[in-house]
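Undergrad: no letters, just coordinates:
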């Protein structure tokens, strides 16, 4: 296991692209026996020469008839430089693109381009219009929505702030002096943002571009105490439906936290008034109208508590003004039963043409499956099924499905498995609910040099929950030696490592490691009670589950018990640091990426202070100040509590722009290890955030991690 081999394999794996988005469009709306469609998909790929992630577009031609689908690829992928958002109009005749470019003066600017089938018909320099700040491209707030008339385009942008100036600045004219009065002394006023990966989002506002004039108007009537996003045109094609997040009393991080106080609003544009459509103090998101605009579905979570939970699906009837629950919380489902909805984003278009069924993906234990939800019968049916003979061996080998778009009873999706990188597929819905799938790509890479299986474990505690792990092992290792093992628990803690293709685990396995991806108690996809079993028990139940899965892999004769190493980030870093403290003689090396090491000291410096309270089993309120008892309870659940026992050589990777887990968490732990003469190495990535996903840092981290493991085995 040489570094040169690791570099070569990483370079090879980094060229495998991943699907970002996809859409189906059709110029013809007539009922033809054979109907043509265009599928446009956006892919991301790491470019290690430029040390950046690049995006490319692909197009496929689809012809459907009564029998099924014929597909063909149109040309080669083309790089899409600076593209942030793309949306095809309802008729399929226009496409809007929001693009970020750097001009000759080195200034970063945004443009809105509108294209027909032959040419660009509109180009708008967003900053030059002087109505808004930058357009939001994130999934949390961002949208790009055509009106039904195709005369307007709605988006979310940063509210334009008045120019700020010093009291001591020199004025060039009387007019400048009058214009600057409101901004005097405001140069350094603090503006709250929405936390990790949303640091530039302060004051979102709804905006509309007039396609004929090229003018941008800011929509009025949204209350100042909410942040609007995820907007849709209402059925009258004039009013707006949107999600509004409460700004007061102060903001908590939104990324991966769909439990923040929010409501579904109907904005009457002419009257400049808003009506609340959702009920009570809840957290709602992802509004989606059906095709005839009579039904509006959305996701709902309880406000507060674990940051990721089992979601409910609600439906608002636009005509009767009645709301009903379509999918309820599943508390303790049996292994074969529907475990509930676990997703942060519904497909933008998810309705079948009958206006009764929707199609989406959701975490299902250690897989991600496509489900069909009938809004009338409230029945949820699993459409895909890993390992099941019911859908055929060709499709049952995929354990990670993602719905990208649904249109005219066609489902555009991506499917993958740990040893099968993503493939783009399209399915045709037939009467009765059957789906016939077709690949859109002719050639595809299969990583035949390793295999995977999903393992099940039963904790020793009575009336506890079974949990799972995904075990990756080299396929062509002819030696009888036991494998070195990398144990990798996920972060969150309320997330899941789905049996999907992942760069790090797959490449480590190809380098000769067995890799164990652990979905301990508290993970998503196993029922809501499974999630709620962890708060108050972090540093205990999750640690025990990791150790049990590791020990079982050793007992099964797969892994060498003398060569076990650990890797984890965020709460996964919390767990690996706990493991080396609670089991000081069991591990050869440890790598922790942006780890939580001291829940008490993290409390006042993170964008999610409620996390520490919730996971410690305590209640949170915005006005609550931590007592000495609270600090003590959090510290006792932290890895730093066990640091005196640590012997394992540890490497800590820190993103200095991390707002979720403050960089001081890693530094604090490293200092404690150094003071106890434990071997420690710290890598600092100056301008990366919690994910450590920038291409150059991601590559550097992998090779350093590999070398750290090999040097200590």
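TA: It's in. This one's a predicted model, so the numbers in the text were calculated from it and none came from an experiment.
Undergrad: name the next helix or strand downstream of the worst-scoring helix or strand of the chain on mean pLDDT, please.
TA: Among the helices and strands of the chain, helix 174-180 carries the lowest confidence by mean pLDDT, DSSP states H and E, at a mean of 54. Where DSSP states H and E defines the elements, the next helix or strand beyond helix 174-180 is strand 204-210.
Undergrad: tell me the strands beside that next one, with direction?
TA: Using DSSP bridges, the neighbouring strands of strand 204-210 in the sheet come out as strand 152-159 (antiparallel), strand 216-218 (antiparallel).
Undergrad: just say which of the ones you listed is most tucked in.
TA: Compared across the strands paired with strand 204-210, strand 152-159 shows the largest average neighbour count, a mean of 22 (mean count of other Cβ atoms under 10 Å). Backbone N, C-alpha and C define where each C-beta goes, glycine included.
Undergrad: show the average pLDDT along that strand.
TA: The pLDDT scores in strand 152-159 average 97.
Undergrad: and for stretch 545-554?
TA: Here the mean pLDDT over stretch 545-554 is 98, rounded to a whole number.
Undergrad: give the buried residues for it.
TA: Within stretch 545-554, the residues scored as buried using 16 or more other Cβ atoms under 10 Å are 545, 546, 547, 548, 549, 550, 551, 552, 553, 554.
Undergrad: picking that back up, among the strands paired with strand 204-210, which is nearest residue 377?
TA: Checking these against residue 377 by Cβ to Cβ gives strand 152-159 as the closest, at 33.6 Å.
Undergrad: point out the one among the strands paired with strand 204-210 that comes closest to residue 255.
TA: Taking Cβ to Cβ as the measure, the strands paired with strand 204-210 were each checked against residue 255, and strand 152-159 came out nearest at 15.8 Å.
Undergrad: which residues of the stretch 501-650 of the chain fall in strands?
TA: When secondary structure is read from DSSP state E, counting those that start in this stretch, the stretch 501-650 of the chain shows strands at 514-519, 559-569, 589-593, 650-655.
Undergrad: show me which helix runs longest in this protein.
TA: The helix spanning the most residues in the chain, taking DSSP state H as the definition, is helix 695-712.
Undergrad: what's the average pLDDT for that helix?
TA: The average pLDDT for helix 695-712 rounds to 97.
Undergrad: next, the angle strand 559-569 makes with that helix.
TA: Using axes from the mean of the first three to the mean of the last three Cα atoms, to 10 degrees, one finds that helix 695-712 and strand 559-569 are set 150 degrees apart in direction.
Undergrad: residues contacting helix 695-712, please?
TA: For helix 695-712, the external contacting residues (Cβ atoms under 8 Å, 6 or more residues apart in numbering) are 1, 3, 6-7, 10, 14, 46-48, 51-53, 484, 486, 503-504, 507-508, 511, 513, 565, 567, 588-589, 591, 593, 649, 651, 653, 655, 681, 683, 685, 688, 692.
Undergrad: if any of those are buried, put those into a ChimeraX selection.
TA: The ChimeraX selection below is limited to those of the contacts of helix 695-712 classed as buried (16+ other Cβ under 10 Å):
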select :6,10,14,46,53,484,486,503,504,507,508,511,513,565,567,588,589,591,593,649,651,653,655,683,685,688,692
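Undergrad: next step: the contacts of helix 695-712 restricted to helices.
TA: Reading helices off those with DSSP H, I get 3, 6, 7, 10, 14, 503, 504, 507, 508.
Undergrad: what separates the first one from residue 10, distance-wise?
TA: For residue 3, the distance to residue 10 under the criterion Cβ to Cβ, to the nearest Å works out to 10 Å.
Undergrad: just for the stretch 1-150 of the chain, where's the confidence low?
TA: Within the stretch 1-150 of the chain, the stretches falling below the threshold (pLDDT under 70) are 28-33.
Undergrad: kindly recompute the last result at 80.
TA: For the stretch 1-150 of the chain, residues meeting the criterion pLDDT under 80 lie at 1, 27-33, 66-68.
Undergrad: any idea of the mean pLDDT for stretch 215-233?
TA: Stretch 215-233 shows a mean pLDDT of 97 in the predicted model.
Undergrad: repeat for stretch 497-506
TA: Stretch 497-506 shows a mean pLDDT of 98.
Undergrad: which other residues reach it?
TA: Surrounding stretch 497-506, the residues in contact under the criterion Cβ under 8 Å, 6+ apart are 13-14, 16, 363, 366-368, 386, 399-400, 416-422, 447, 450, 452, 454, 470, 472, 486, 488, 490, 515, 517-519, 567, 698, 702, 705.
Undergrad: and the end-to-end length of it?
TA: With Cα to Cα, to the nearest Å as the measure, stretch 497-506 spans 13 Å from end to end.
Undergrad: if I look at the residue lying closest to residue 692 once chain neighbours are set aside, how far off is residue 569?
TA: Of all residues beyond its chain neighbours, the one nearest residue 692 is residue 655 (5.1 Å), with distances taken as Cβ to Cβ, 6 or more residues apart in numbering. From residue 655 over to residue 569 the distance is 10 Å, taken as Cβ to Cβ.
Undergrad: common neighbours of these two, please.
TA: Both residue 655 and residue 569 are in contact with 594, 692, where contact means Cβ under 8 Å, 6+ apart.
Undergrad: quick one: the helices in the stretch 401-550 of the chain?
TA: 503-510, 528-532, 541-555 (DSSP state H, counting those that start in this stretch).
Undergrad: what angle separates the first one from strand 514-519?
TA: When you say that, I think you mean helix 503-510. Taking the same axes, to 10 degrees, one finds helix 503-510 and strand 514-519 inclined to each other by 150 degrees.
Undergrad: residue ranges in the stretch 501-650 of the chain under the pLDDT threshold?
TA: Judged against pLDDT under 80, the stretch 501-650 of the chain has no low-scoring part.
Undergrad: same question, the stretch 201-350 of the chain
TA: Across the stretch 201-350 of the chain, the ranges flagged by pLDDT under 80 are 280.
Undergrad: show me where it has strands.
TA: 204-210, 216-218, 226-233, 240-246, 262-268, 273-276, 282-289, 295-302, 312-317, 323-327.
Undergrad: farthest pair within the ones in helices among the contacts of helix 695-712?
TA: Spatial extent of those (Cβ to Cβ) is set by the pair 3 and 503 at 17.4 Å.
Undergrad: state the distance from the nearest residue to residue 411 once chain neighbours are set aside to residue 409.
TA: When the adjacent residues along the chain are set aside, residue 411 lies closest to residue 427, with 4.3 Å between them (Cβ to Cβ, 6+ apart). Separation of residue 427 from residue 409 (Cβ to Cβ): 9 Å.
Undergrad: comparing those two, which residue is more hemmed in?
TA: Neighbours of residue 427 and residue 409, each counted by other Cβ atoms under 10 Å, are more numerous for residue 427; the result is 24 against 18.
Undergrad: bridged to the more buried one, which residues?
TA: Beta-bridge partners recorded for residue 427 (DSSP bridges): residue 411, residue 437.
Undergrad: I'd say residue 520 and residue 467 touch.
TA: Yes - with contacts counted by Cβ atoms under 8 Å, residue 520 reaches residue 467, the gap being 5.6 Å.
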